[in-house]
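1. kindly generate the corresponding structure for this input.
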Amino acid sequence: MTTTPLSNETSHGTLAITCHRCQAQYRIRNAHRLTNASRSTCRTCGARFAVLTTAQPIDAGQTALHSLIEAQTPPAPDHSDRDQQHPSTMHGTFRGSGGTLLGMQIVNVCLTLITLGVYHFWGKAKIRRYLFSHTAFGSDRFAYHGTGKELSQGFLKAMLVFGLPYVSLGAAHSVLDLPRWVDLLSQALAGLVLFLYVPIATVNARRYRCARTSWRGIRFSFRGRTTEFLKLYARGWAFTFLTLGTYYPYFQTQRQAFLHAHTYFGNQRFGFTGHGSGIMLPFAVTLVSTYVVLGLCGLALAFQLTNAGLTLLLIPFVLGPLWIWLLGQKQKYFWDHTIFGEARFSSTITWQTLFTLYLGNIGLLMVTLGWAWPWVTVRNARFHIETLSLQGPVDLDRVLQDQVESSVTGEGLSNLLDTGFDMDT
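-> Prediction:
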């Protein structure tokens, strides 16, 4: 432990003190009130110091007050304060209201009808802003910065890039009397356009949504290359067909790893540690059970059994819950193997809660003839965010904004098959 002299008494009777770390200067107006080893903290850099006073005669009848600052070892960290600032576990919450969303939807539908569909994109951006602003993780809410103009421009670009070629090839097959080989070629090209549409839309829509989403004032970004995802997508489906579907869990896990590992929050990257073998067992059980049920139904119809109709009930009442169980297992596994720094996400999704969610949504939509859509949206958003948590130390002070440009074409592509608000995994 060392001490460093700071200053002398000024002409006005005040004591000037300079911090040993950041050189910030302070004045003590009532120096006579100081006691030996009085302690304080620098307001600029937070350094702790003690003022040691000694009375030494400089001339007759006078006493000079000399101040010394003692550089001390920083005190032991207060874990309670750290936990308050960066808690070891952060949970998601959603505070949106179905009634508010219904009012917004009614206004959007009316304006969309008046403008012959043009206002659809602005209404969609408005609803997204509402949903994101009522979604929080920890104590901070998300924010959506996309605009209706961007969504409309993206849709027009997507129609030019994919919609127009696909419609033209389809029209040529249906209307024109083309030679056999030309007709087959046009159908093959149409299938290729449709095949390329899905991976390109997936990557670029994620890029756009991440760039337009922020948390704690810092935006997300997605930096995966479209060409790399196209290779992964083509290879995954090829192996899936060659292996009669058994490769599908590995393909899905590789897809998820690509999307998560190329997603950033500011300048900090997410990670993924999952492997296809982790969901192979539930997938195999579901696939084999599906083949068995469909085989029984096929046999019952082929032999015209009296209970053939009852056998068909196996499809919704057996395969429905079974595939929901697989979906719950997959979502939980993907989130449980997603990391951010030293922290890891955790999901409490179970097939029972997921089945109850879907069953309730179907019931609401059927009873209200679709008018309960806002409440279904709120139920989905609340379920997916509130079953998610981030566990482990998170140093949010190290996260800095990193500007990454994004195109709106991908969001336009996703609009062609958009199903509304969802918490992407």
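
2. every contact and neighbour count from this point should use C-alpha atoms.
-> OK.

3. report pLDDT for residue 35.
-> You'll see residue 35 listed with a pLDDT of 57.

4. mind listing the helices for the stretch 251-400 of the chain?
-> Assigned by DSSP state H, counting those that start in this stretch, the helices in the stretch 251-400 of the chain fall at 280-302, 308-312, 314, 320-336, 351-367, 373-386.

5. nearest to residue 158, out of those?
-> Across the helices of the stretch 251-400 of the chain, residue 158 has its closest neighbour in helix 373-386 (26.0 Å, CA to CA).

6. okay, buried residues for stretch 355-362 please.
-> For stretch 355-362, burial by neighbour count (16 or more other CA atoms under 10 Å) applies to 355, 357, 361.

7. please convert these to TSV, extending it with distance to residue 289 and pLDDT.
-> As requested, the buried residues of stretch 355-362 are exported to TSV (distance: CA to CA, whole Å; pLDDT from 0 to 100):
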residue	distance to residue 289	pLDDT
355	18	94
357	23	96
361	26	95
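
8. now those in JSON lines, with distance to residue 384?
-> Below are the buried residues of stretch 355-362 laid out as JSON lines (distance: CA to CA, whole Å):
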{"residue": "355", "distance to residue 384": "13"}
{"residue": "357", "distance to residue 384": "10"}
{"residue": "361", "distance to residue 384": "14"}
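
9. list just the nearest of those to residue 269.
-> Once CA to CA is applied, the member of the buried residues of stretch 355-362 that ends up nearest residue 269 is residue 357, at 31.7 Å.

10. list the contacts for that closest one?
-> The contact partners of residue 357, taken as CA atoms under 8 Å, 6 or more residues apart in numbering, are 379-380, 383.

11. swap in residue 189?
-> Residues near residue 189 by CA under 8 Å, 6+ apart: residue 169.

12. C-terminal to the helix or strand hosting it, what's the next element?
-> Element membership for residue 189, per DSSP states H and E: helix 180-211. Per DSSP H and E, the first helix or strand lying C-terminal to helix 180-211 is strand 213-215.

13. buried set for that following strand?
-> For strand 213-215, a neighbour-count test (16+ other CA under 10 Å) marks 213-215 as buried.

14. so what strands line up beside that strand?
-> In its sheet, strand 213-215 lies beside strand 140-144 (antiparallel), strand 218-222 (antiparallel), with partners assigned from DSSP bridges.

15. now what about it, what contacts it?
-> Applying CA under 8 Å, 6+ apart, the contact partners of strand 213-215 are 140-146, 219-220.

16. pick out the most distant pair among the residues you listed.
-> The farthest-apart pair in those, when distances are taken by CA to CA, is 140 and 146, at 19.2 Å.

17. what stretches of the stretch 1-150 of the chain score poorly on pLDDT?
-> Judged against pLDDT under 70, the low-scoring parts of the stretch 1-150 of the chain cover residues 1-87.

18. gap between residue 296 and residue 324?
-> According to CA to CA, to the nearest Å, residue 296 and residue 324 sit 21 Å apart.

19. among these two, which residue is more densely surrounded?
-> residue 324 (19 against 16; other CA atoms under 10 Å).

20. list the contacts of that one.
-> Counted by CA under 8 Å, 6+ apart, residue 324 has contacts 351, 354-355.

21. between the residues you listed, which is nearest residue 401?
-> When the contacts of residue 324 are compared for distance to residue 401 (CA to CA), residue 354 wins out at 35.5 Å.

22. how close does that closest one get to residue 380?
-> 10 Å.

23. generate a ChimeraX selection restricted to the buried entries among the contacts of strand 213-215.
-> In ChimeraX, a selection of the buried entries from these looks like this (16+ other CA under 10 Å):
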select :141,142,143,144,145,146,219,220
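
24. ok, so of the contacts of strand 213-215, who is nearest residue 270?
-> Using CA to CA, residue 220 is the member of these that sits closest to residue 270, with 10.4 Å.

25. redo the strands paired with strand 213-215 as JSON lines? Include distance to residue 121.
-> Output for the strands paired with strand 213-215, formatted as JSON lines (distance: least, CA to CA, whole Å):
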{"stretch": "strand 140-144", "distance to residue 121": "14"}
{"stretch": "strand 218-222", "distance to residue 121": "22"}
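
26. residue 158: which of these is closest?
-> strand 218-222 (19.4 Å).

27. put the alpha carbons of the closest one into CSV.
-> Extracted C-alpha coordinates of strand 218-222, given in CSV (Å, rounded to 0.1, in the frame of the first residue of the first chain):
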residue,chain,number,x,y,z
ILE,A,218,-28.7,-1.9,-29.3
ARG,A,219,-29.7,-3.6,-32.5
PHE,A,220,-29.4,-7.2,-33.5
SER,A,221,-27.9,-8.3,-36.8
PHE,A,222,-27.6,-11.4,-38.9
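
28. which residues are in contact with that strand?
-> Strand 218-222 is contacted by residues 206-207, 210-214, 259, 262-266, 400-402, 404 when judged by CA under 8 Å, 6+ apart.

29. now with 10 Å, please.
-> The set of residues external to strand 218-222 that reach it, using CA atoms under 10 Å, 6 or more residues apart in numbering, is 142-145, 203-214, 259-269, 399-406.

30. can I have the buried ones of these as a PyMOL selection?
-> For the buried members of the contacts of strand 218-222, the matching PyMOL selection, counting by 16+ other CA under 10 Å, is:
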select buried, resi 142+143+144+145+203+204+205+206+207+208+209+210+211+212+213+214+259+260+261+262+263+264+265+266+267+268+269+406
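
31. related to what we said a few turns ago, so can I have TSV of the buried residues of strand 213-215 showing pLDDT and distance to residue 156?
-> Conversion of the buried residues of strand 213-215 to TSV gives the following (pLDDT from 0 to 100; distance: CA to CA, whole Å):
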residue	pLDDT	distance to residue 156
213	95	22
214	95	26
215	94	29
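
32. thinking again about what came up before, dump the contacts of residue 324 to TSV, plus distance to residue 177.
-> Putting the contacts of residue 324 into TSV (distance: CA to CA, whole Å) gives the following:
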residue	distance to residue 177
351	52
354	50
355	50
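
33. out of those, who's nearest residue 197?
-> Among the contacts of residue 324, and counting by CA to CA, the member closest to residue 197 is residue 354, at 29.5 Å.
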